[in-house]
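J.: Structure for this input, please:
(one chain, ligands or ions: 2)
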Amino acid sequence: MPATILVIDDNPSVATALEILFSLHDIATRRAASPDEGLALLEREAIDLVVQDMNFSADTTSGEEGRALFARIRQRHPDLPVILLTAWTHLESAVDLVRAGAADYIGKPWDDRKLMATVANLLELGASRRELNRHRSEQAQRNAALHRRHDLRGMVFADAATERLLGIACQIARADVPVLVTGPNGSGKERIAQIVQANSMVKDGPFVTLDCGALPSELIEAELFGAEAGAYTGANKPREGKFEAADGGTLFLDEIANLPLAGQVKLLRVLETGSFARLGSNRERRVRVRVISATNADLPAKIAEGAFREDLYYRINLIELRLPSLAERPDDILPLAEHFLSAHDLGTGKRLSRDAREALRRHLWPGNVRELKNAIRRASLLAADDTIAAADLDLPAAPHAEPDRTQIEQALARAQGVIAQAAAQLGMSRQSLYRRMERLGIARG
Ligand SMILES: Nc1ncnc2c1ncn2[C@@H]1O[C@H](COP(=O)(O)OP(=O)(O)OP(=O)(O)O)[C@@H](O)[C@H]1O
Ligand SMILES: [Mg+2]
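T.: Ligands and ions are numbered 1, 2, ... in the order given. Got it, this is the predicted structure:
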């Protein structure tokens with residue numbers, strides 16, 4: 001579909017000259033002779049770009065009318081690209097206005113080639129913004145639908161990858177099968193376990209957690225299965241284990257890779273038979289427990305080393321929920337940051353500056369959501385005023401490595417070939433993305 005440009009200028013010869021120029025480039029032109037006429041037309045018709053004059057009454061040269069018009073366009077159409085046609089004497093005020101983004105200025109008299117380059121740039125930018133907004137609002141609708149249907153335990157997310165994972169988690173939650181949640185440190189595995197529990201058939205039952213990494217191996221079995229008095233040194237009264245405590249509910253085995261081999265054998269047996277005995281007792285006890293395990297370890301590698309039993313592995317991961325690292329779901333970063341900010345600053349209303357947002361998006365978050373939470377907490381304490389600047393976040397300013405072929409191809413595919421959008425995803429300018437693609441011989445796709 002050819003683009004349509006609205007020219008708002010009271011001088012008919014300017015409008016005509018532009019109309020002819022644009023028609024040579026297959027661009028349709030609509031004309032308005034006054035700000036009000038232009039704004040009315042914007043309400044009625046689909047316009048891709050506005051070229052506007054700065055003065056409309058014969059006796060004014062201040063540019064005030066142009067500023068007011070620009071502000072009104074921005075208010076109603078925040079993403080619509082605008083080119084300000086301005087006399088050279090008013091360049092400075094135009095420069096100020098275009099800082100607002102999706103806008104540029106051209107001095108009168110203009111140079112056709114320069115004007116058309118600006119038009120092409122802004123049209124592409126506008127198209128990619130519209131595409132991005134459409135994508136965002138679809139995603140937001142899907143997320144809202146998921147929230148309506150399921151208890152997501154306050155999980156904050158906006159990325160399509162997270163949404164897919166949550167969809168699967170809620171879908172399998174009702175089946176009575178063991179689930180293994182894998183993912184790097186601090187990515188939110190415990191959150192996912194809680195979501196599975198909250199949407200399961202045993203959601204009203206207990207949710208009992210055992211951190212298999214936190215106890216010395218001698219105590220883990222007693223912790224899991226309980227012990228009779230005298231079963232081991234220091235056991236002077238009988239104690240209930242986590243399996244008993246979790247009967248009719250969910251047992252969350254965190255850091256399962258740290259479970260010693262002897263405990264693994266016993267765990268396998270409970271999972272297979274539903275029964276176990278306390279330490280120091282022969283009495284078999286039966287329980288109904290939904291087991292959810294979590295680990296950030298590479299279990300297949302542990303199996304190869306002989307540190308984890310293969311048969312147990314197949315038992316616990318009938319369903320594996322693989323939680324991506326935060327860097328693999330970048331659209332979650334800012335919503336999470338906002339969430340932690342409002343949770344931490346107790347209504348003092350601190351805001352993230354634009355630079356801070358960019359720095360958050362660019363950082364690779366090796367510590368994932370936990371690192372982000374801590375960074376926001378620290379920054380909101382350190383910020384001198386209401387705005388959190390990039391420096392308050394204290395993230396390493398390491399110039400990030402040039403993206404490789406795969407990263408570029410993936411970004412292009414996600415952006416459906418729109419260079420401006422792919423560049424934004426990669427955190428680089430369009431020009432440097434073009435240069436990089438040329439060097440690697442990547443076609444635009
Ligand atoms: N999507 C989310 N929305 C809100 N808070 C989150 C989200 N994901 C994680 N968190 C918070 O981030 C922190 C880390 O999450 P969690 O403890 O679930 O991670 P984990 O993967 O279990 O980490 P570890 O590997 O260290 O055990 C917690 O404070 C958790 O509440
Ligand atoms: Mg955890």
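J.: what about the residue lying closest to Ile192 once chain neighbours are set aside, how many neighbours?
T.: Residue nearest to Ile192 in three dimensions, not counting chain neighbours: Val181, with 4.9 Å by CB to CB, 6 or more residues apart in numbering. All C-beta spots, glycine's among them, are computed from the backbone N, C-alpha and C. Val181 has 29 neighbours, counted by other CB atoms under 10 Å.
J.: Wait, a helix at Val181?
T.: No: using DSSP: H, G, I helix; E, B strand; the rest coil, the assignment for Val181 is strand, not a helix.
J.: any low-confidence regions in the stretch 301-445 of the chain?
T.: Along the stretch 301-445 of the chain, segments meeting pLDDT under 70 span 344-348, 397-401, 444-445.
J.: related to what we said a few turns ago, correct me, but the residue nearest to Ile192 touches Arg191?
T.: No: judged on CB atoms under 8 Å, Val181 makes no contact with Arg191 at a distance of 9.2 Å.
J.: who's in contact with the closest residue to Asn258 other than its chain neighbours?
T.: Leaving aside its chain neighbours, Asn258 sits nearest to Gly213 (4.0 Å; criterion: CB to CB, 6+ apart). With contact taken as CB atoms under 8 Å, 6 or more residues apart in numbering, Gly213 is in contact with 254-255, 258.
J.: mind checking the end-to-end distance for stretch 316-331?
T.: One end of stretch 316-331 sits 31 Å from the other (CA to CA, to the nearest Å).
J.: just how off-centre is that stretch within its chain?
T.: Computed by CA atoms, centre = their mean, to the nearest Å, the chain-centroid distance of stretch 316-331 equals 13 Å.
J.: For stretch 353-370, measure first residue to last.
T.: 21 Å.
J.: got the contact list for that stretch?
T.: Contacts for stretch 353-370 (CB under 8 Å, 6+ apart): 184-188, 325-327, 330, 333-334, 336-337, 352, 371-372, 374-375, 379, 387-390, 392-393, 395-396, 400, 427.
J.: Now the buried members of these.
T.: Buried subset of the contacts of stretch 353-370 (neighbour count, 16 or more other CB atoms under 10 Å): 184, 186-188, 325-326, 330, 333, 336-337, 352, 371-372, 375, 379, 388-390, 392-393, 395.
J.: Mind checking which of those residues land in strands?
T.: Of the positions in these, 352, 388 sit in strands, assigned by DSSP state E.
J.: Helix or strand: which one has Arg290?
T.: Arg290 is located in strand 289-295, with elements delineated by DSSP states H and E.
J.: So for the residue of the chain found nearest ligand 1, what pLDDT did the model give?
T.: Distances between the chain and ligand 1 by CB to the nearest ligand atom are smallest at Gly188, namely 2.9 Å. Gly188 is assigned 96 on the pLDDT scale.
J.: Give me the phi and psi angles of it.
T.: The phi/psi pair for Gly188 (degrees, to the nearest 10) reads phi 110, psi 30.
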